[in-house]
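Sequence and predicted structure, then a few things I'm wondering about:
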Amino acid sequence: MDSNGRAERRISEADEMGLDAVPAGRRTTKLAVVGAGSVGSTMAYAALMRGAARTVALYDINAAKVEAEALDIGHGIQFMPMADVVGSDDIAVCAGADVVVVTAGAKQKPGQTRIDLAEATISLVRSILPRLVEVAPDAVYVMVTNPVDIVTYAALKISGLPANQLFGSGTVLDSSRLRYLLAQHTGVAVQNIHAYIAGEHGDSEIPLWSSATIGSVPLMQWPGVMGPDGRVEGRLGSADRKRIAEEVVNSAYRIIAGKGATNYAVALAGSRIIEAVLNDERRVLPVSSLLDGYLGISDVCLSVPSIVGRHGVGARLEVAMSDEELSGLRSSAEALRSVARQFGL
């Protein structure tokens, strides 16, 4: 189908949904969020609060739930950047979306690993993704549901979409957790800390200490800062790095044990990815995408610093890594391949 045919179809679908058709020549942005659970509804709220999109559509099979979430958020539009928000159990609500974020999936229970979730979530993706691609063929797809790396790999196989057009949220949140903990330890603003988590969004993820910096100072050379009492504070020894890395991995389990789900930080991380796409920012983010010859790693979805813009995920940056970090990344890739094989992918 050509672009004119797609435009006509979108206008027809918009009419059916009771939405105003977009005037010719007017550029708007539309975000569709699939799943109106704690992550999906918070994602829609965060995106609206940040002014990420002009229209936010929530889709869920639970009509009462999704309509209520959209109505609740809509009642606060007066206090946000102007936008439209709509919720429906009809997948046509996603028609013409520029970005589709998939948050629907099995809920992670206390003590349950992300890999344990794979079978149910892949089954759901197999059911819903072809229908989403049918109504929003030109969208950039961002998979958020866990286990995100396996689900992203499966989604690429199921959808047939190009590798740039569909990717996972990966370790964007994990990297944010790492920077938060480093900021707490060093006493430096988190915005001045640049550090990435690579590999699996899960137990085998790798902190890239070798390329991390604090205010342009290599993290491995961080001398600490002079405190008000004249003592040096915030040094980073190997024991500190080990503790922080373990806390990054375990923090999600701790939050799930305490309140049942993670939603605020993942929604903010997701909103940042959405903005990078819609605004064509070409921002470097550690998203999970299909690698092909990246430092000897191929045919697996995992996170490495990558350029994200209007056409999805672009160049994967080959950042400096120690032998230990590269070995860990390759081990993480093999662990994910092993899981993928279990599901016939």
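The structure has been received and is ready for your questions.

Could you use CA atoms for every contact and neighbour count after this?
Fine.

Give me the residue ranges of the stretch 151-300 of the chain where confidence is low.
Within the stretch 151-300 of the chain, no stretch has pLDDT under 70.

could you show me where the helices are in it, in order?
172-186, 238-259, 264-278 (DSSP state H, counting those that start in this stretch).

relative to helix 172-186, how tilted is the last one?
In this case it means helix 264-278. Using axes from the mean of the first three to the mean of the last three Cα atoms, to 10 degrees, the direction of helix 264-278 lies 120 degrees away from that of helix 172-186.

Counting by contacts, list what helix 264-278 packs against.
Packing contacts for helix 264-278, counted by 3 or more Cα pairs under 8 Å, 6 or more residues apart in numbering; DSSP states H and E, involve helix 38-49, strand 99-102, helix 172-186, strand 306-309.

What residues sit buried inside that helix?
Of all the residues in helix 264-278, those buried under the rule 16 or more other Cα atoms under 10 Å are 265-278.

do the same with the second one
Applying a neighbour-count criterion of 16+ other Cα under 10 Å, the buried positions in helix 238-259 are 241, 244-245, 247-249, 252-254, 256.

Let me know whether residue 99 touches residue 28 as I believe.
No. Contact between residue 99 and residue 28 fails when scored by Cα atoms under 8 Å: they sit 12.0 Å apart.

Looking at those two, which one has more neighbours?
Between residue 99 and residue 28, counted using other Cα atoms under 10 Å, the more crowded position is residue 99 (29 against 13).

Could the C-alpha coordinates of stretch 259-266 be exported in CSV?
Extracted as CSV, the C-alpha positions of stretch 259-266 are listed here (Å, rounded to 0.1, in the frame of the first residue of the first chain):
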residue,chain,number,x,y,z
LYS,A,259,4.9,-2.6,46.2
GLY,A,260,4.2,-5.2,43.6
ALA,A,261,5.6,-3.5,40.5
THR,A,262,8.0,-0.9,39.2
ASN,A,263,6.3,1.9,37.3
TYR,A,264,7.6,5.4,37.9
ALA,A,265,11.2,5.2,36.8
VAL,A,266,10.5,2.8,33.9
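
Please tell me how far it is from the chain's geometric centre.
13 Å (Cα atoms, centre = their mean, to the nearest Å).

start the count at 19, not 1, going forward
I'll keep to 19 as the first residue from here, and by that count the last item is stretch 277-284.

Need the residue closest to the centroid of the protein.
The chain has residue 187 as the residue nearest its centroid, 2.1 Å off, counting by Cα atoms, centre = their mean.

dump the residue contacts of it.
By Cα atoms under 8 Å, 6 or more residues apart in numbering, residue 187 lies in contact with 160-162, 166, 288, 291, 304-306.

Now the residues you listed in CSV, please, with extra columns for distance to residue 89.
Formatted as CSV, the contacts of residue 187 follow (distance: Cα to Cα, whole Å):
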residue, distance to residue 89
160, 24
161, 25
162, 23
166, 29
288, 22
291, 25
304, 33
305, 31
306, 32
